[in-house]
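# When you get a sec, could you give me coordinates for this:
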Amino acid sequence: MTFPIGGIPPVGVGAVTGVAGSTRGTTATEATDGFAAVLASTFDALQAKQSVTSDLAVQAATGDLKDVHDYMIASAESGVATEMVVTIKNQAVAAFNEIMRMQI
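Numbers count the residues shown, from 1 in each chain. The predicted structure is shown next:
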């Protein structure tokens with residue numbers, strides 16, 4: 001028996017204007033606004049996942065949780081999302097540091 005596995009939803013990097021083969025010209029402000037919007041939505045999604053996990057943990061502790069699998073899945077998703085956000089933050093800081101070391 002096989003179970004279909006759904007695809008991983010996109011992070012939203014393609015939503016940044018002026019990236020990945022965009023045909024129209026963009027200004028630095030448009031690209032920054034796009035990146036800031038993607039970053040803000042990513043943090044909002046992470047906070048929502050952590051909130052759901054927290055609510056399910058409270059339900060598990062009080063005995064109100066019907067299916068433990070829901071909590072385990074939410075916990076794993078929250079952990080992976082947190083790791084992704086931390087990795088993106090670390091790469092952004094590394095890129096900033098590299099730019100600051102460039103000679104003018």
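# Now do whichever strand or helix holds Asn90: which elements does it pack against?
In this assignment (DSSP states H and E), Asn90 forms part of helix 68-101. Packing partners of helix 68-101 (3 or more CB pairs under 8 Å, 6 or more residues apart in numbering; DSSP states H and E): helix 28-62. C-beta here means a position set from N, CA and C on the backbone, and glycine is covered the same way.
# in the helix it packs on, what counts as buried?
By 16 or more other CB atoms under 10 Å, the buried positions in helix 28-62 come out as Gly34, Phe35, Val38, Leu39, Thr42, Leu46, Lys49, Gln50, Val52, Thr53, Leu56, Ala60.
# In a markdown table, list the residues you listed along with pLDDT and distance to Met102.
Below are these laid out as a markdown table (pLDDT from 0 to 100; distance: CB to CB, whole Å):
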| residue | pLDDT | distance to Met102 |
| --- | --- | --- |
| Gly34 | 82 | 23 |
| Phe35 | 77 | 20 |
| Val38 | 84 | 25 |
| Leu39 | 82 | 23 |
| Thr42 | 87 | 27 |
| Leu46 | 92 | 31 |
| Lys49 | 94 | 36 |
| Gln50 | 94 | 37 |
| Val52 | 94 | 42 |
| Thr53 | 94 | 41 |
| Leu56 | 94 | 47 |
| Ala60 | 92 | 51 |
